[in-house]
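Asks: Fold the following and give me the result.
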Amino acid sequence: MIGNDAELVDRLLAISRAFAGHMDPGTAFRATAVEIGRLLPHDHIDVAILLNEGRSHICYETGCPTSWSELVLSPPPVELSPVRAVLRGELPFLLTDDALHDQRFHFVGALDEPIFAAKLRSRIIVPLRARGDIIGALNISRHEPGCYTPADLEIAQQCAEFIAPYIFALIQSEEAHRAMLAESTARNREELLRVGASRLTEGMERERRRIAMDLHDQTLADLSRVVRQVSALHRHGVAGAGQLAELEREIVNCLTELRHIVDDMRPSVLELFGLRDAIEAHLNRSVSRATPSIAVNIHDTSGGAADDLPERTLTAIYRIAQEAINNAVKHATPGCIEVRVESTPALLRVIVSDDGSGCFRVDPQASGGIGHMHTRADLIGARLRIGRSGRKAGTRVALEVPLAGESVFAGTLPPEIAPAAMESL
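Replies: As a prediction, the model looks like this:
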């Protein structure tokens, strides 16, 4: 393959030139793989790169494609790599005539499916080292068995020594870029939550003023009328059955309105009976006076998964469902509203859907009810999606809440905002 040392040096310099101008590790490696192929012909070549202080790894490959490329999306533990012995430094290299039958590549849980699928028989695996540490492995393969010799192994080791610093520098650059993006995203999220929490607090203040007006204009007025009726009966010293019945109705109406106001302020059904019953009670109450009538369905297959959630998280879920139901009743003129409560080991899902006039475009940063829904979801670390219920019409509001613990987003709020915002839930 290589006639002399001068030719090897020329090839290594060509590999160096192939790195020029590339900032992405995958693109850079694929460019150098062409030059490595002039030294060591191959059908498949990849580099396994260690991440997270050697706990996980990703793979960049070229040649026949395999599922190893998908590791970039979700880096698995190093323990699952077929070449873990080299990545861990347990073996200085791996050289095999037929990897399909070499048990060093196959063990319980090994990500070895591509070896069989792509028929990667002849293989050379050598470590990539930078600053004295193993940062990954160079893996060279051919379909035919028995293709590589100890002399080829030596060339592969020289290639690995040559490309390792370049790969390391590109990986470090990419990690720095990812960290910068993550910090920028975190700052943007913090600012969005700051604005959202401010809007939510303003909305709560408006709601308190509305409740005060309801109490003044309706309940207090009704009670004043009851007092006047009682005073009139007292002056006349006598009360007929009809008068007493009317007085009883007035008092019952006042009590009903007060209960509605109190329930809106602090849903007692939620505290006493749980999420499912609280949503059902609000759903039935919301459609009770609708014209034309609205059918309702509620399905709970969660097995009480919401019971162990923190109180403020449970209240936020209820408020989001409450707003979704209110929007459907007030704006969509639906024939039916359906609520589903589902769970997986990791998530609780609450889905409110209707067959009304539809909601085709929703701005997550919108003010008002929808904006408050998104802010509530962010504050408890939940994901809220609003879109079509079906192909023709209808709206679907889907809330997914992690069951593992407290919100991961609430902690990003500034300390002067977080307590007040969560209390507003």
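Asks: Just give the nearest non-adjacent residue to Val341, would you?
Replies: Spatial nearest neighbour of Val341, chain neighbours left out: Asp300 (4.3 Å); criterion: CB to CB, 6 or more residues apart in numbering. (Glycine included, C-beta is placed from N, CA and C.)
Asks: residues contacting the one you found?
Replies: Neighbour list for Asp300: Arg276, Arg340, Val341 [criterion: CB atoms under 8 Å, 6 or more residues apart in numbering].
Asks: Angles on the backbone of it, please.
Replies: Note on Asp300: backbone dihedrals following degrees, to the nearest 10 are phi -120, psi 110.
Asks: Ala290 now?
Replies: Per-residue torsions, Ala290: phi -70, psi 140 (degrees, to the nearest 10).
Asks: In contact with it: list those residues for me.
Replies: Taking CB under 8 Å, 6+ apart as the test, what Ala290 contacts is Val329.
Asks: surely Gly335 meets Ala295?
Replies: Yes: checked against CB atoms under 8 Å, the pair Gly335 and Ala295 is within contact range at 6.5 Å.
Asks: quick one on the thing from earlier: per-residue pLDDT, the residue nearest to Val341?
Replies: At Asp300, the pLDDT value in this model is 94.
Asks: Name the SS class of the closest residue to Trp68 other than its chain neighbours, please.
Replies: Of all residues not flanking Trp68 in the chain, Cys59 sits nearest, at 4.1 Å (CB to CB, 6+ apart). Three-state assignment for Cys59 (DSSP: H, G, I helix; E, B strand; the rest coil): strand.
Asks: who does Cys59 bridge with?
Replies: Legend: beta-bridge partners of Cys59 under DSSP bridges are Ala48.
Asks: Count residues in the vicinity of it, would you?
Replies: Counted by other CB atoms under 10 Å, the residues lying close to Cys59 total 25.
Asks: Who are the contact partners of it?
Replies: Neighbour list for Cys59: Asp46, Val47, Ala48, Ile49, Trp68, Ser69, Leu71, Val72 [criterion: CB under 8 Å, 6+ apart].
Asks: rerun that using 10 Å as the cut-off
Replies: The neighbours of Cys59, taking CB atoms under 10 Å, 6 or more residues apart in numbering as the test, are 26, 46-49, 66-72, 75-76, 81, 83, 111, 114, 136-137, 139.
Asks: and what of Ser357?
Replies: Taking CB under 10 Å, 6+ apart as the contact definition, Ser357 lies against Ala328, His331, Ala332, Thr333, Pro334, Ala393, Gly394, Thr395.
Asks: now it, what's its secondary structure?
Replies: Assigned state for Ser357: coil (three-state reduction, three-state DSSP).
Asks: give me the low-pLDDT residue ranges for the stretch 1-150 of the chain?
Replies: Low-confidence segments of the stretch 1-150 of the chain, defined by pLDDT under 70: 1-23.
Asks: change it to 90
Replies: Scanning the stretch 1-150 of the chain for pLDDT under 90 picks out 1-39, 51-54, 58-60, 62-65, 69-75, 130-132.
Asks: can you give me the helices in it?
Replies: 5-19, 25-39, 84-87, 113-117, 150-214 (DSSP state H, counting those that start in this stretch).
Asks: Just give the closest residue to Thr96, not the sequence neighbours.
Replies: Nearest to Thr96 is Asp102, by CB to CB, 6+ apart, at 4.4 Å.
Asks: typo on my end, Asn52
Replies: Leaving aside its sequence neighbours, Asn52 sits nearest to Pro75 (CB to CB, 6+ apart; 7.3 Å).
Asks: if I look at the one you found, how far off is Pro402?
Replies: From Pro75 over to Pro402 the distance is 21 Å, taken as CB to CB, to the nearest Å.
Asks: ditto for Leu270
Replies: 20 Å.
Asks: Of these two, which one has the most company?
Replies: Leu270 (24 against 17).
Asks: Then that one would be within a strand, right?
Replies: No: secondary structure of Leu270 (three-state DSSP): helix, not part of a strand.
Asks: Tally up the residues packed near the closest residue to Gly109 other than its chain neighbours, please.
Replies: Nearest non-adjacent residue to Gly109, counting by CB to CB, 6+ apart: Leu80, 5.3 Å away. Residues within reach of Leu80, counting by other CB under 10 Å, total 16.
Asks: could you pull out the strands for the chain?
Replies: Along the chain, counting by DSSP state E, strands occupy 44-51, 56-63, 94-96, 122-130, 133-142, 295-300, 336-343, 347-354, 383-388, 395-402.
Asks: where's the shortest one relative to the chain centroid, distance-wise?
Replies: Going back to what we said before, that points to strand 94-96. Distance, stretch centre to chain centre, for strand 94-96: 41 Å (CA atoms, centre = their mean, to the nearest Å).
Asks: got it, and the fourth one?
Replies: Here strand 122-130 shows a centroid-to-chain-centroid distance of 36 Å under the convention CA atoms, centre = their mean.
Asks: What pairs with that strand, parallel or antiparallel?
Replies: Here, using DSSP bridges, strand 122-130 pairs with strand 94-96 (antiparallel), strand 133-142 (antiparallel).
Asks: Wait, Ala232 touches Glu246, no?
Replies: No: Ala232 lies out of contact with Glu246 (CB atoms under 10 Å); the separation is 11.6 Å.
Asks: now Phe328, nearest residue through space, not along the chain?
Replies: To be clear, residue 328 is Ala; Phe isn't right here. Spatial nearest neighbour of Ala328, chain neighbours left out: Asp354 (4.3 Å); criterion: CB to CB, 6+ apart.
Asks: pretty sure the one you found contacts Ile386?
Replies: No: in this structure, Asp354 is not within contact of Ile386 by CB under 10 Å, at 11.8 Å.
Asks: Tell me which of the two has more neighbours.
Replies: Neighbours around Asp354 and Ile386, counted as other CB under 10 Å, are more numerous at Asp354. The numbers are 30 against 20.
Asks: Please name the bridge partners of that one.
Replies: In beta-bridge terms (that is, DSSP bridges), Asp354 pairs with Ile337.
Asks: which ones are touching the residue nearest the centre of the chain?
Replies: The centroid of the chain falls nearest to Arg383 when counting by CA atoms, centre = their mean (6.5 Å). Arg383 makes contacts with Leu347, Arg349, Ala377, Ala398, Leu399, Glu400, Val401, Pro402, as judged by CB under 10 Å, 6+ apart.
Asks: Same check on Ile45?
Replies: By CB under 10 Å, 6+ apart, the residues touching Ile45 are 29-30, 32-34, 36-37, 60-63, 124, 138-142, 156, 159.
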